[in-house]
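1. A predicted structure for the sequence below; I have some questions about it.
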Amino acid sequence: MNIQMQICPNCFFAPYAGGRCPQCGHTATETDANAVALPPGMVLNDRYLLGRLLGLGGFGVTYLALDTVTQTTLAIKEYFPSSLAVRESDHTMAFNGTGDGRVFDHGMRSFIREAESLHKFSGEPNIVQVSHSFFENGTAYFVMEYLNGVNLKVLRKGMGGKVPLRFAYEILLTVARTLGRVHKEGLLHRDVSPENVFITRDGSIKIIDFGATRYYVGDGSRSLAVVLKPGFAPPEQYSSKGNQGPWTDIYALAATFYQSVSGQKLFEAPDRMAGKLIEPLCELVPEVEKKLSGVIDRALSLNYKKRYQSMDEFEKALRKYGLGVDEEVKEVSAGGRVQVGASQSEAVHSESENDREPRSKWGGRIKLFAKKAVRKFKTAGAPYIGIENGDIKGEKWAIPYNADIRIGRLSGVNHIVISDTAISREHCVIRYDQKNGIFFLRDVSTNGTFSEAGERYEKGKDVVLIPGGGFYLVQGRLLMRVGLE
């Protein structure tokens, strides 16, 4: 069902006739009319009004939506394997004739199984909540809570490439405890990684993307499909006959912690088996004590029998040889929440109140760190982007909220045109996220976009910039900076 779009696809304010929303500042862009995605204004299941596109991957599309019954904002995930299906003019999904149609059907069944797996954990605060699933338009959908925040990978990059140890340690404990509950249901996640650990604006830690989740039998399973993420998957995950069990998720979680605090990704398991050695975490991060480093080393053993065999065992070792503040961290982990995303009203308290030792279950020093981190993400004023050096130093452009702004040298395509032959025709995309008070930068160029430290950003991947952050369009000589005024 499709209706005339008269509401904002970002905040669902009405009336909205396009252009800039008077309520939230959203500006209509090409992403609101993506050829692959369903259009804003379409209603699914006679209940869910679709808004803007949230994410687009090889197997699915995720939309912002409004539940017209409860008037709550949520997210809807649609099964859409782009290599196997096409969108017809009436918005229905159809097999494109490539390969075996049974693969499309099998994928849809797996998609529904993901929803069913997540529904088992209704009420678990650290797992993304799914309410139900349904079939429509020749495909499948499931309805889940809308998470406002960033994943651990994006957050790490926004914090300069490393997550502070105490912050990462709390996340590690929370995820370990939560996965322990998943394992008790006979399920394995099998895709634990920084991309699938999400930090919401209110500080909650959420495990997301259960698309690779499967049941395991007894002490393990030797008949699970090969699904893996290089650098986070252990050796047994590279074979459908590998003996996968809780120790598989333990390896991936330890690898996630290792990268988060050190900034270095592990060698892939086959490379490690061929002789490549990883440095102990305590040698990369001096604050990590040898005993805690030893716990992570054991969790990263190539031989699964040498790892911890359950999340409970792993969590107990982490607490025993942790940061030397066990009671404090126990309280923090029990809450499963960090304060990086605290509300603006909390963030703008007086300096003396912010720095006062907090009296709450979160734990003193961790909450104090988190409150200080909040200030980096505090929002105020209108977003802009400017040039800091070169022939056009001082040029500045105001940019709208929640809209993709293209930067490049080709006029007629880009919103900001810079005539420099070293810049790609379409170079990068910048977006200010009003709700979170941060900027997202995505490189789309041939020539590369670089951090202020000279690191080339991965093409097509979002990077977080806090207000005041900068990046180079041309390495070392054309510096742009974002801010609020």
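-> Noted; the coordinates are in hand.

2. Kindly state the beta-bridge partners for the residue lying closest to Leu44 once chain neighbours are set aside.
-> Of all residues not flanking Leu44 in the chain, Glu136 sits nearest, at 5.8 Å (CB to CB, 6 or more residues apart in numbering). No exception for glycine: its C-beta is placed from N, CA and C like everyone else's. In this entry, Glu136 is beta-bridged to Thr139, by DSSP bridges.

3. do you know how far Glu136 is from Leu318?
-> For Glu136, the distance to Leu318 equals 44 Å [CB to CB, to the nearest Å].

4. the more surrounded of these two?
-> More crowded of Glu136 and Leu318, by other CB atoms under 10 Å: Leu318, with 25 against 16.

5. Report the helix or strand with the lowest average pLDDT across this protein.
-> helix 344-347 (a mean of 24; mean pLDDT, DSSP states H and E).

6. before we move on, back to that, my read: the residue nearest to Leu44 touches Asp46, true?
-> No: at 9.6 Å, Glu136 does not count as touching Asp46 under the criterion of CB atoms under 8 Å.

7. Where does the prediction get shaky in the stretch 301-450 of the chain?
-> Along the stretch 301-450 of the chain, segments meeting pLDDT under 70 span 324-381.

8. Count the residues that sit near Lys435.
-> Neighbour tally, Lys435, other CB under 10 Å: 14.

9. Relative to its centre, which residue of the chain is most distant?
-> Distance from the centre of the chain peaks at Asp391, with 37.3 Å (CA atoms, centre = their mean).

10. do you know how far it is from Met93?
-> Distance of Asp391 to Met93, computed by CB to CB: 50 Å.

11. same deal with Leu53?
-> Using CB to CB, we find Leu53 at a distance of 16 Å from Met93.

12. same check, this time on Asn447
-> 37 Å.

13. Packing partners of whichever strand or helix holds Tyr384?
-> Element membership for Tyr384, per DSSP states H and E: strand 383-387. Here strand 383-387 touches strand 396-398, strand 478-484, going by 3 or more CB pairs under 8 Å, 6 or more residues apart in numbering; DSSP states H and E.

14. In PDB, could you pull the C-alpha coordinates for that strand?
-> Taking Å, rounded to 0.1, in the frame of the first residue of the first chain, the C-alpha atoms of strand 383-387 are listed here in PDB:
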ATOM      1  CA  PRO A 383      26.300  22.600  11.200                       C
ATOM      2  CA  TYR A 384      28.900  23.800   8.700                       C
ATOM      3  CA  ILE A 385      32.000  22.600   6.800                       C
ATOM      4  CA  GLY A 386      34.900  24.800   6.000                       C
ATOM      5  CA  ILE A 387      38.400  24.800   4.400                       C
END
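
15. any idea of the angle it forms with strand 478-484?
-> Following axes from the mean of the first three to the mean of the last three CA atoms, to 10 degrees, one obtains 160 degrees for the angle between strand 383-387 and strand 478-484.

16. Can you pull the poorly scored residue ranges out of the stretch 51-200 of the chain?
-> Applying pLDDT under 70 to the stretch 51-200 of the chain flags the ranges 57-58, 99-100.

17. Which parts of it are strands?
-> 60-67, 72-79, 85-87, 93-95, 130-136, 139-145, 149-151, 187-188, 197-200 (DSSP state E, counting those that start in this stretch).

18. now those strands in a markdown table, with distance to Asn414?
-> Shown next, in a markdown table, are the strands of the stretch 51-200 of the chain (distance: least, CB to CB, whole Å):
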| stretch | distance to Asn414 |
| --- | --- |
| strand 60-67 | 26 |
| strand 72-79 | 30 |
| strand 85-87 | 27 |
| strand 93-95 | 33 |
| strand 130-136 | 37 |
| strand 139-145 | 34 |
| strand 149-151 | 26 |
| strand 187-188 | 45 |
| strand 197-200 | 31 |
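
19. Nearest to Ile430, out of those strands?
-> Nearest to Ile430 among those is strand 149-151 (15.9 Å), distances taken as CB to CB.

20. Direction included, what does the closest one pair up with?
-> strand 197-200 (antiparallel).

21. in the partner strand, what's buried?
-> 197-200 (16 or more other CB atoms under 10 Å).

22. can you check stretch 19-27 too?
-> Using 16+ other CB under 10 Å as the test for burial, stretch 19-27 gives 20-21, 24-27.

23. swap in stretch 201-208?
-> 201, 203-208.

24. could you dump that stretch to CSV, C-alpha only?
-> These are the backbone C-alpha positions of stretch 201-208, laid out as CSV (Å, rounded to 0.1, in the frame of the first residue of the first chain):
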residue,chain,number,x,y,z
ARG,A,201,22.5,7.4,22.6
ASP,A,202,21.2,6.6,26.1
GLY,A,203,24.3,4.5,26.7
SER,A,204,22.8,1.0,26.3
ILE,A,205,25.0,-1.8,24.9
LYS,A,206,23.2,-3.9,22.3
ILE,A,207,24.2,-7.0,20.3
ILE,A,208,22.8,-6.8,16.8
